[in-house]
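J.: Give me a model of this one.
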Amino acid sequence: MGNRDVRVRGLAARAGGWSARHRWAAVGIWVLFVVLAMGLGSAAGRVDVDEGDQLKGETHTAAQIIDDAGIKEPAAETVLIQSRDGAVRATSGEFRAAVADVVKAVGATGRVTGVTSPYDTHTISRDGRSALVQFDLRGDAKTAADRVEPVLDAVAGVQKEHGGLRIEEIGAASMQKQYKDAFGDDFKQAEYSAVPVALGILLIAFGALVAALLPVGLAITAIMATMGLMGIVSHLQPMSDTANSVMLLVGMAVGVDYCLFYLRREREERAAGRDAGTALRIAAATSGRAVIVSGVTVCVAMAGMLFTGLAEFEAMGLASLMVVAVAMVGSVTVLPALLSLLGERVEKGRIPFLRRRRRTTRAADEGSRFWTAVLRGVLARPLVSVVVAVGALLAIAAPALGMKTQQLTLDQEFGNSLPIVQTYQRVNEAFPGGSEPAQVVVRARDINAPEVRQALADFKQRAIASGASRGPVDIRLHDAQNVAVVSVPLVGGSDMDQAVKSLDKLRDEVRPATLGRVSGVQAPITGQVAGNHDFNDQLLGSVVPVFAFVVVFAFLLMLLSFRSLTVAITSILLNLLSVGAAYGILVAVFQHGWGASLVGAEGVGAIVTWLPLFLFVILFGLSMDYHVFVVSRIREARMRGRDTKDAIRHGVVTTAGVVTSAAVIMVAVFAIFGTLSMQSMKQMGVGLAAAVLIDATVIRGVLLPAVMALLGERNWYLPKWLHRLPDLTHDESPEPVPAPARGEDEPLPV
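T.: Numbering: from 1, shown residues only. As a prediction, this is how the structure comes out:
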C-alpha cells in the first residue's frame, strides 16, 4: 500500500526522527541517563526540608533562635492518669500510687530524663480526675519515635496493674510511631498499587501485553531518574517524603498519558495503511508535539508552587516539575526508538478475550460510537449544550464559595481509628491546649536581668488573666544561651478556631504589655497552633501571585502553540471551570459531609489548608494534557480543509478512546489515595479523581466542542498585531490513505 511523502518539522518531529534512525543509541542514552541519575542521587544523598525552614515569620524566627543558640529541644512526652468513673480523685491513695508507679516505670527504662510528678508541677485538672506525668526522651527529637517503644511498654505495664484508672501516653514521638505503624505501610502500598492498576487498564485499552507495558515502563524509568535527580537538587532546594509521594503520583499519571497519546497515534496511522516509518513521523509531528506543549504547560503550572515561599510546596513543585520534564523528554526520544525496534511485535502478548479486528481507515476516522452519538447532539444544539454544561458545573462549584481551610487536628485527620486520637481528645478535655501548647521563645542580652525576669513573670500571670490560657504556664531557662522557652497551653485545645483566638491574644495583647516593654528582647511565639495559623496566612498570601503566574504563562503557551487568541482564552476559562467544580465537590463532601460516607470519609468541617492551591496547580497542568491533545486534532482536521463542525467531530471522536483510557488511569491512581485513612489524603485523592473525571467528560466531550461550534471560524482568530509571534505550530499530516478496495484513494492535501 503506497504512502505519500510526509514532510514534518518541529522539535518533536526531529527528535522522533533521530531516535527512529538511531534506535539503539537512543535507548542506550536513556538507560545511561536513568542509571547515572540514580547513582549520582544515591551518592549525594537527599537533604530534607528542615522544620524550622518550613515557614517565614514568627515560627521561622523562633526556630532560628533555638538553632543559633545550639539548644536541642528534646521530644516531650506525657502520661495521662485519669479516673475512669470519676470516683477516684488525684488526692486518693490509689491515684498517688499509680502516679508513683508511672514515674518509677518510665525512669527505669533509661530512655527518659526530667520526669516530673503532677503533684510538683500542679498538672492536675480542675475536677481533680486527671493528672499528667511529664518527661523528655533522651537523644535527638527527630528520631525519638524510633526509641519510644520501651517507654510505651512500661506505661502499658502500669496500666495493667491499675485497672480502675486510665493510664495512657501521648506526645510527638508516640504519635509519630503510631502513625508510622498504622499508616506507613498503607501509604506505601497505595503508591505501589498505582503500577498494577495502570497496567491493568492499559491491557484493556490495548489488548496486548507489550503495548501496555511500554507506557508503564516509561513512567517507572522517568520516576526512577527523577528520584535520583531529587537527591542532587535537594542540596539546593531541600526535598521531603511528601514531595516524593506527589512526584510518584504525577509521574505515573503524565508518564502513562504521554506514552499513551504517542502510541495510540502511531497505531492509528499504521491501521490507516501507513508504513512503520511514516506512521512514526506523523506520530512525532502531531502527538509528539502535543506532548511537548502539554509537558511545558504542566511544568509551568508546577513552577507556580515555587512562588508560595513555603519550603514544602517548593519541594513538591520542583519534584513534580522534574518528573514531568523527564517523562516528556522520554516520550519524544526513547519511545520512538522502542516503537521502531519493536515494529509489529508491539502487538505481542494479545489477550484472547480482548482480541480485536484490525481497524480500517473508516473505523479509525469514525472513532468512538458513544462519543459520536454525544457529539451529534452537542453539535446540533451547541448553545443548549453550553448553557446546560456550564449551569451544571457552576452548580457543582457553588459550595466552594463557602470554603473554609485549616490545618486538620489529629482527631479530624484520623477520626477514632487510632487509639492515640482518643487519648488526644481526653487530654484536651481535661487540660485544654495541653497537648499542643504555644511556645514563646525569649532571647535577651541577659536572660537573668531583673527586668527580663519580671517581664517573664508578668507574661505568665497575664496569659492566664487574659483568658488565653488556663495554665499551667511553664518557663524553662537556658542561662548560658540567654534564652527562655515559655510553654503556654491555649484555651480552645483541639478547637482550632478558639485556639487561634487565644494565640492572637498572646501575640497582640499579652506579649506587647509584658515582654514587649523590655528593650532588646525578642519573643516570637511558635508551636503547633501558631505554625498552622502562620502557614494558612502565608499560603493565602501566595494565592494571587501563583494564580497569576500559572494563568498568564499557560495563556501565552497556548497562544504560541495554536496561534489563536480564542483557543488560548477558552482553554483558560474551561480549565478554571473544571477546577471550580473540583473545589465544590471537596467542600460538599468533606466540609459539609454530603455523601461523605460513600467515599469512606466524614465531614470534618474544613478543607486542609494546602489542598486548594495544590489542586489548582496540579489540575490546571494535568487538564492541559487532554485539551492540547484534542484541540491539536481539531486544528489538524481544520487545516486539512474540513469545515469547523466536521473538524470538531473528527478531533473529539478520534481522540475519545485515548482520552478515556488516560482519564480512567488517572482517576484510578488518584482514587487509590482516596482509600487511605488520613482525611487529607482522602481529600486529595477524591478532589483529583473527581476533577479529572469531569475534565475528560463534561469539559472535553461536551463543553469544548459546543463552545468551538458556537465560535466557528472565530476559533482561529489571531489579531494582525500578534502575527509576529513565533510560529510553534507543526506541518499537518495528511488524511489517512483509505484502502484501494474502498475506492477512496483520491489525493489529499498535506
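
J.: Quick one: residues contacting the residue lying closest to Ala463 once chain neighbours are set aside.
T.: If you skip the residues right next to it in sequence, Ala463 has Ser469 as its closest partner in space, 4.7 Å away by C-beta to C-beta, 6 or more residues apart in numbering. Where you see a C-beta, it was placed from the backbone N, CA and C, and this is true even at glycine. Ser469 makes contact with 433, 463, 488-491, 502, 506, according to C-beta atoms under 8 Å, 6 or more residues apart in numbering.

J.: Adding secondary structure as columns, could you present the residues you listed in a markdown table?
T.: Shown next, in a markdown table, are these (DSSP: H, G, I helix; E, B strand; the rest coil):
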| residue | secondary structure |
| --- | --- |
| Gly433 | coil |
| Ala463 | helix |
| Val488 | strand |
| Pro489 | coil |
| Leu490 | coil |
| Val491 | coil |
| Ser502 | helix |
| Leu506 | helix |
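
J.: So what does the residue nearest to Ala463 have for phi and psi?
T.: As for Ser469, its main-chain torsions (degrees, to the nearest 10) stand at phi -150, psi 150.

J.: Check Thr333 too.
T.: phi -120, psi -70.

J.: Count the residues that sit near it.
T.: By other C-beta atoms under 10 Å, 20 other residues sit near Thr333.

J.: Also Arg166?
T.: Counted with other C-beta under 10 Å, the neighbours of Arg166 add up to 18.

J.: how much space between it and Val88?
T.: Relative to Val88, Arg166 is positioned 10 Å away (criterion: C-beta to C-beta, to the nearest Å).

J.: Where do the strands of this structure begin and end?
T.: With DSSP state E, the ranges of strands along the chain come out as 75-83, 112-116, 130-137, 165-171, 405-406, 438-443, 474-478, 483-488, 525-527, 607-608.

J.: Can you add mean pLDDT and distance to Ser578 and give those back as a markdown table?
T.: Converted to a markdown table, the strands of the chain look like this (pLDDT from 0 to 100; distance: least, C-beta to C-beta, whole Å):
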| stretch | mean pLDDT | distance to Ser578 |
| --- | --- | --- |
| strand 75-83 | 90 | 44 |
| strand 112-116 | 90 | 53 |
| strand 130-137 | 91 | 48 |
| strand 165-171 | 90 | 42 |
| strand 405-406 | 82 | 20 |
| strand 438-443 | 90 | 40 |
| strand 474-478 | 87 | 50 |
| strand 483-488 | 90 | 45 |
| strand 525-527 | 88 | 38 |
| strand 607-608 | 86 | 17 |
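
J.: Save those as CSV, and put in distance to Gln64 too.
T.: Putting these into CSV (distance: least, C-beta to C-beta, whole Å) gives the following:
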stretch, distance to Gln64
strand 75-83, 20
strand 112-116, 25
strand 130-137, 22
strand 165-171, 24
strand 405-406, 26
strand 438-443, 9
strand 474-478, 15
strand 483-488, 12
strand 525-527, 11
strand 607-608, 27
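
J.: quick one, which of these is nearest to Ile220?
T.: Proximity to Ile220 (C-beta to C-beta) singles out strand 607-608 among the strands of the chain, at 29.2 Å.

J.: and the closest one, which strands flank it?
T.: Based on DSSP bridges, the pairing partners of strand 607-608 within the sheet are strand 405-406 (parallel).

J.: By mean pLDDT, which helix or strand of this structure comes out lowest?
T.: Ranking every helix and strand in the chain by mean pLDDT, DSSP states H and E puts helix 361-366 at the bottom, with a mean of 44.

J.: mind showing which ranges of this structure have poor pLDDT?
T.: 1-10, 51-55, 182-192, 353-368, 416-417, 433-435, 493-494, 600-603, 727-750 (pLDDT under 70).
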